[in-house]
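Asker: sequence plus predicted model, see below.
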Amino acid sequence: MKIKKILVSQPQPTTEKSPYSELAEKYGLKLEFRPFIKVEGVTAKEFRQERINILDHTAIIFTSRTAIDHFFRICGELRITVPDTMKYFCISEATAFYLQKYIYRKRKIFYGDKKVDDMTKILLKHKTENFLVPLSDIHKENIPGLLDQLNLKYTKAILYKTVSSDLSDIKNLKEY
């Protein structure tokens with residue numbers, strides 16, 4: 001049995017210099033890219049039902065670019081102006097650089113070294129802060145677990161959901 005088509009469960013690469021295009025050329029394959037999951041933001045109404053007041057918090061912990069995007073989207077929809085005194089804690093330096101897309105450099109940004117445990121020292125220096133942790137509805141308990149372990153005051157905010165994509169238009173999976 002020779003494989004002719006492959007279904008790849010992620011978005012199509014934006015450049016032609018991907019390993020997928022090399023495989024397709026080398027073996028004469030037809031590739032179809034279909035993301036199996038997608039991320040959707042919660043509505044302002046759903047966020048209000050959580051009864052979380054963003055301005056009651058003095059610091060925010062971001063675990064991903066998606067969390068940053070949806071946090072500032074919700075702030076825009078609710079017409080909330082984030083104060084200049086807000087502190088931002090990022091899981092990595094790359095996330096901190098992405099955060100600069102939304103805020104000025106003069107605000108306080110702290111970041112770890114790609115692991116949750118690396119943030120321990122930084123968080124202990126700011127133990128008087130009231131943290132907000134933007135998360136997905138399906139999330140690992142890494143950051144909340146660390147905050148519990150350090151006995152820090154925090155609130156989890158569900159700002160986006162992971163949803164299954166509609167794959168009903170794929171008629172015959174035996175082709176792949």
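Answerer: Ah, there it is.
Asker: C-alpha from now on. contacts and neighbour counts both.
Answerer: Will do.
Asker: restricting to C-alpha, output the strand of greatest length in the chain in CSV.
Answerer: Longest strand in the chain by number of residues (criterion: DSSP state E): strand 153-164. Presented in CSV, the C-alpha positions along strand 153-164 are these (Å, rounded to 0.1, in the frame of the first residue of the first chain):
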residue,chain,number,x,y,z
LYS,A,153,-2.8,36.0,46.1
TYR,A,154,-4.1,35.4,42.6
THR,A,155,-7.2,35.1,40.4
LYS,A,156,-7.6,32.8,37.4
ALA,A,157,-9.4,34.5,34.5
ILE,A,158,-10.6,32.3,31.6
LEU,A,159,-10.2,34.6,28.5
TYR,A,160,-10.1,32.1,25.7
LYS,A,161,-11.3,28.6,24.9
THR,A,162,-9.8,25.7,23.0
VAL,A,163,-12.5,24.4,20.6
SER,A,164,-12.6,21.5,18.1
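Asker: just checking, what packs against it?
Answerer: strand 37-41, helix 65-77, strand 130-136, helix 142-149 (3 or more Cα pairs under 8 Å, 6 or more residues apart in numbering; DSSP states H and E).
Asker: relative to Leu167, which of these is closest?
Answerer: strand 37-41 (10.0 Å; Cα to Cα).
Asker: which outside residues touch the closest one?
Answerer: His70, Leu159, Tyr160, Lys161, Thr162, Val163, Ser164, Ser165 (Cα atoms under 8 Å, 6 or more residues apart in numbering).
Asker: got the angle for that strand vs strand 153-164?
Answerer: Interaxial angle of strand 37-41 relative to strand 153-164 (axes from the mean of the first three to the mean of the last three Cα atoms, to 10 degrees): 130 degrees.
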